[in-house]
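Visitor: sharing a model that was predicted from the sequence below.
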Amino acid sequence: MTTPTPRTPVPVHSPREAPSPVHSPREAPPSPASSTPGGVGSSPRRPDGTLKVTGEFAYSSDMWMDDMLWGATLRSPHPHARIRGIDVTGAVRMPGVHAVLTHEDVPGEKRYGLEYRDQPVLAFGKVRYRGEPVAIVAADHPETARRALDRVRVDYEVLEPVSDPVRAAFDPDCPLVHEAGEDLPPAHPAHHRSGNRVRYQPVRTGAFADGATAAEVRALADVVVTGEYQVGMQDQAFLGPESGLAVPAEDGGVDLHIATQWLHVDQSQIAPCLGLPPEKVRLTLAGVGGAFGAREDMSMQVHACMLALRTGRPVKIVYNREESFHGHVHRHPARLRYEHGATRDGRLVYATAEIVLDGGAYASTTAAVVGVASSLGLGPYEIPHARVDAYGVYTTNPPCGAMRGFGAVQACFCYESQLDRLAAELGLHPVELRIRNAMSEGSRTATGQRVDMPLPMADMLRRAREMPMPPERAAAGPVDVRALPGGVANTSRGEGVRRGVGYGVGLKNLCFSEGFDDYSTARVRLEVVGGEPAVQVHTAAAEVGQGLVTIKGQIARTELGVERVTVLPSDTRVGSAGSSSASRQSYMTGGAVRAACLAVRARVFELVRAAGLVGDDHPDELLGLAGGKVVSGARGVLVSLADLLGASAVEETREFRHRATEMLDPTTGQGASHTQFGMCVHRAVVDVDVDLGLVKVVALDAVQDVGRVLHPQQLAGQIQGGSAQGLGLALMEEIQVSGSVIRNPSFTDYLIPTILDVPPMRIEVLEHPDPHAPYGLRGAGEPPTLSSTPAIVAAVRAATGRPLSRIPVRPEDIVGIERD
Amino acid sequence: MRVTMTVNGHRMDADDVWEGESLLYVLRERLGLAGSKNACEQGECGSCTVFLDEVTVCACLVAAGQAHGRSVRTVEGLAEAGADGAPGLSDVQEAFVAAGAVQCGFCTPGLLVQTEDLLRRTVAAGAGAPSDAEIREALAGNLCRCTGYEAVIEAVRLAAEWTERGRPAGGPARGEAR
């Protein structure tokens, strides 16, 4: 059997310095600086960069084999229906069709799930969302496969959709999406699962913990603001569609080349569904065209494997864009009610929040999203009396799960909007009110967790306020229509354009929380190749575009003093790396690579002692690796690695864990549930055409503390990319769902920011090391996605005077047209 | 049907092409040129942008039959188009990597082709380097979900500078920190 298009192992030697757009006032002394070029703290070239600009980099949808078949998926046209019967006869008879499979053909477990196994591989009994997979086909041409789908007859009894998440949360008469007697696994006892609720998590502190009512606590405050907010459903909108190639193997197993965020969690879900032991389901990471959370849940993985095993031929499945909108989970839309009370001098006294997150038809990560939304629901503020009630519910809407920001984004829009309302009531500058109530190192979150790492929030806010402003709009003279809101589509001369400025700050947990055994694994091998020392780094971590593949090489160079590093393709031949999510891979897989390198170093030093180059009692601390040589502080170069190792290799594998976290108490929500916190502050400047309801973001500047910069250029890419996704949520991005049906499943109607929509983004990076983290680093990918949205909406409010309690902000919200 | 095209300077035939197949499908699945990307196949994202008779098009919106007898240049053909004719990355390709404009890279082939076109119309035509507003206008049809576009604009500036003044020997120049 031929092998699929191979992914070339990525050599990362000969790094070339790249420009750094990061302004980085160092607040703390750097940790041991790398003397090896291309090490930690520099910006070496991405090892996959050349392949990506020549078109040779093999993404999952580029996989190809001579005898492969194409898979396609029949999806439910109804959001909620009972399946009375499925007739595949017409499809099976079509020339070119090799297999048509339904739930009856699933060899093993009929359901899978990331945290909770409630999602059918192929629907049986009921369909619970529009677009749910019902049958799969393999054929010799993708068009043949699509036509075969049309010949599958499914007899549905249409049921009333469960579209309203608030009703699903609170109405005991609401129909159940998952009915009793469905034989689902038991829910976590602390999640208060009942009815359509996937999880309910309360948080209580201060007087609320003692049972005080809102009315009693309200009496403590001079000023009270309340708000009801809505967050629309955002799509990750990665560009590389869900896709992969499954290849049947001679041992009865299957090899899957797949774009995913976590190879091992896919493997642990696929194998039981196929009725195979895990070792017979081998995964290799294919090129990933973006992820942002949407690849944490599986899509076509089991389907491709089933078709490959049934036909004995490789099967490729590639979703098109419309299918992609139905084929992955989205950001939870949310309904939220907030109340904040403060003293006349601007000290927060209490806050309450009720958060309802629409999880859609299947659980996905809804329970964990509730854990984040509840624990961080009030943001980075010191509040003596807090009450949060967060609910995640089943509906027959599209399933929702992970997206960059993961439950913290929805809450951040609301608490920041509340702070702005409060500042207006008190006559304080929004930054001043935030500084008066800012958390810092030593503060406790609403869950009672002490922040035991630097959190220079007040300083960050001041810096954001002091950043240079963009030039004012010219009061007179010719108008460049391209600079107006709406660009060349603007029909005015800017008569109705008003400028506004807004601020936002958010708090995000980094790495997995709530007692999860979060770890990563790395194998590092040092040997001599062609007379030069060379390092191989092997992990299962998913490179999704963020640049982890660069970081792994940098760490190996820094720790082993060797320039030539090769990062092997990620696969399941090495232990789990955990997910490329929760901003965790630099911390976790970076930590694992570092640990494995340190183990290799120790072995090298043993060889030095065994060779008699130093005495047996010579401590490791006096030895070092630099420039491909073993050095001693006192004696200089002892030996080159080439001479020391000869033909032998040193290889070590290490697992790395962050410190343990706790579950939240199911009734008080207390507990140290997070291992690390990240923070970003944004200042947005917008021009709004108040007549046309159009917004142009003029500037979107950020201050972020990342503990330690590993790669300045890639860091800037994370901050700017995250800020742009927050801009999208503020102003344009929404999957419009009515009657549980997606109305805009295309890039024609689902708008993501273009290069015309995103302004120049100035970044100020602070480095206050987290003493618990490798190199002191802090995960950086998510925090900008929290704070950019409320900053932009605040700026639009400042320009228009409108309350704007719903995101994305629509033109009619700006001009004040009521929706029916 | 058989479709014959000149692709990146080479004559290529694709046999048994179904009439409904796009130029993008034929390039990717029949000619083994997977560099042009299939992100939306609706003409909205620009990831499949190629030159068709030296005019940029979304290959997903061109029926394969329409390309019969014509000349196509894809991302795989850019490297040969380097200023000095030597093999290796073109200025635009090199600038995208050097400026950090490549993350997941799925939008990159389309952006490279569109940038190549922009620089040909501006700096290479003696009209000087494009302004930021011109860069934004030229790339408005290319969606990128990873970078927020800042590094993309930086890459185009860098490529324009190299096209105008030559790329420094011994690797890419350090860009200005902005």
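Guide: Thanks, I have the structure now. Predicted model only: the values in this text are computed from it and were never measured.
Visitor: helix/strand/coil for the residue lying closest to A:Val254 once chain neighbours are set aside?
Guide: Distances taken as CB to CB, 6 or more residues apart in numbering or on different chains place A:Cys305 nearest to A:Val254, at 4.8 Å, with adjacent residues excluded. In short, each C-beta sits where N, CA and C put it, glycine included. What DSSP: H, G, I helix; E, B strand; the rest coil gives for A:Cys305 is helix.
Visitor: dump the residue contacts of A:Cys305.
Guide: Counting by CB atoms under 8 Å, 6 or more residues apart in numbering or on different chains, A:Cys305 touches A:Ala246, A:Val254, A:Leu256, A:Ile270, A:Leu274, A:Val281.
Visitor: what's the longest helix in chain A?
Guide: Assignment by DSSP state H gives helix A:585-610 as the longest helix of chain A.
Visitor: ok, now chain B?
Guide: Longest helix in chain B by number of residues, with DSSP H as the criterion: helix B:150-165.
Visitor: what residues of the longest helix of chain A count as buried?
Guide: The neighbour-count check on helix A:585-610 (16 or more other CB atoms under 10 Å in any protein chain shown) flags A:585-601, A:604-605, A:607-608 as buried.
Visitor: equivalent analysis for stretch A:523-540, please.
Guide: Of the residues in stretch A:523-540, A:523-528, A:533-540 count as buried by neighbour count, 16+ other CB under 10 Å.
Visitor: any chance of these in a markdown table, plus distance to B:Leu31?
Guide: Converted to a markdown table, the buried residues of stretch A:523-540 look like this (distance: CB to CB, whole Å):
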| residue | distance to B:Leu31 |
| --- | --- |
| A:Arg523 | 38 |
| A:Val524 | 40 |
| A:Arg525 | 38 |
| A:Leu526 | 42 |
| A:Glu527 | 40 |
| A:Val528 | 42 |
| A:Pro533 | 42 |
| A:Ala534 | 36 |
| A:Val535 | 38 |
| A:Gln536 | 34 |
| A:Val537 | 35 |
| A:His538 | 34 |
| A:Thr539 | 34 |
| A:Ala540 | 33 |
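Visitor: still on that earlier bit, residues in contact with the longest helix of chain B?
Guide: Here helix B:150-165 makes contact (CB under 8 Å, 6+ apart) with A:19, A:21, A:713, A:716-717, A:720, A:755, A:758, A:760-761, B:83, B:91-92, B:94-96, B:98-101, B:111, B:115, B:118-119, B:122-124, B:128-130, B:132, B:135-136, B:139, B:144, B:168, B:172-173, B:175, B:178.
Visitor: tell me which helix or strand comes right after the helix or strand containing A:Val681.
Guide: Per DSSP states H and E: A:Val681 is located in strand A:676-689. The helix or strand immediately downstream of strand A:676-689 is strand A:694-705, counting by DSSP H and E.
Visitor: quick one, that following strand and strand A:676-689 angle?
Guide: Angle, strand A:694-705 to strand A:676-689, by axes from the mean of the first three to the mean of the last three CA atoms, to 10 degrees: 160 degrees.
Visitor: what helices or strands is the helix or strand following strand A:694-705 leaning on?
Guide: For strand A:694-705, the succeeding helix or strand toward the C-terminus, using DSSP H and E, is helix A:712-731. Packing partners of helix A:712-731 (3 or more CB pairs under 8 Å, 6 or more residues apart in numbering or on different chains; DSSP states H and E): strand A:676-689, strand A:694-705, strand A:763-766, helix A:783-800, helix B:150-165.
Visitor: which non-adjacent residue is nearest the most centrally placed residue in chain B?
Guide: Central residue of chain B (CA atoms, centre = their mean): B:Val113, 1.6 Å from the mean position. Spatial nearest neighbour of B:Val113, chain neighbours left out: B:Thr49 (4.5 Å); criterion: CB to CB, 6+ apart.
Visitor: next one: A:Arg609
Guide: In space, A:Arg609 comes closest to A:Asp616 once its chain neighbours are excluded; the distance is 5.6 Å by CB to CB, 6+ apart.
Visitor: would you agree that neighbour falls within a helix?
Guide: No. Going by three-state DSSP, the assignment for A:Asp616 is coil, not a helix.
Visitor: doesn't A:Asp155 make contact with A:Arg84?
Guide: Yes. A:Arg84 lies in contact with A:Asp155 (CB atoms under 8 Å); the separation is 4.0 Å.
Visitor: okay, the helices and strands packed on helix A:712-731, which one's buried deepest?
Guide: Sort the helices and strands packed on helix A:712-731 by mean neighbour count, taking mean count of other CB atoms under 10 Å in any protein chain shown, and helix A:783-800 sits at the top with a mean of 30.
Visitor: and the residue in the stretch 301-450 of chain A that chain B sits nearest to, what is it in contact with?
Guide: Closest to chain B within the stretch 301-450 of chain A is A:Arg321: 4.4 Å, counting by CB to the nearest CB. A:Arg321 makes contacts with A:Pro241, A:Pro745, A:Ser746, A:Phe747, B:Ala39, B:Cys40, B:Glu41, B:Gln42, as judged by CB under 8 Å, 6+ apart.
Visitor: which of these sits closest to A:Ser194?
Guide: A:Pro745 (32.5 Å; CB to CB).
Visitor: quick check, the closest one in contact with A:His326.
Guide: Yes. With contact defined as CB under 8 Å, A:Pro745 reaches A:His326; the gap is 6.6 Å.
Visitor: got the residues of the stretch 101-250 of chain A near chain B?
Guide: Neighbours of chain B within the stretch 101-250 of chain A, by CB under 8 Å from any CB of the partner chain: A:His141, A:Glu143, A:Gln236, A:Ala237, A:Phe238, A:Leu239, A:Gly240, A:Pro241.
Visitor: and the furthest pair within those residues?
Guide: Farthest pair in these, by CB to CB: A:His141 and A:Gln236, 29.6 Å.
Visitor: more crowded one of those two?
Guide: Per other CB atoms under 10 Å in any protein chain shown, whichever of A:His141 and A:Gln236 has more neighbours is A:Gln236, with 24 against 15.
Visitor: pretty sure that one is in a strand, no?
Guide: No. The assignment for A:Gln236, made by three-state DSSP, is coil rather than a strand.
Visitor: let me see the contact set for it.
Guide: Contacts of A:Gln236 (CB under 8 Å, 6+ apart): A:Gly290, A:Ala291, A:Phe292, A:Gly293, A:Ala294, A:His328, A:His330, A:Arg331, A:Met403, A:Arg404, B:Arg145.
Visitor: tell me which element the second one falls in.
Guide: So that's A:Ala291. Here A:Ala291 is assigned to no helix or strand, by DSSP H and E.
Visitor: so which residue of chain A lies furthest out from the middle?
Guide: Distance from the C-alpha centroid of chain A, by CA atoms, centre = their mean, peaks at A:Gly612 (50.4 Å).
Visitor: from chain B, how far off is it?
Guide: Distance, A:Gly612 to chain B, using CB to the nearest CB, to the nearest Å: 42 Å.
Visitor: let's see the pLDDT reported for that residue.
Guide: The model reports A:Gly612 with a pLDDT of 95.
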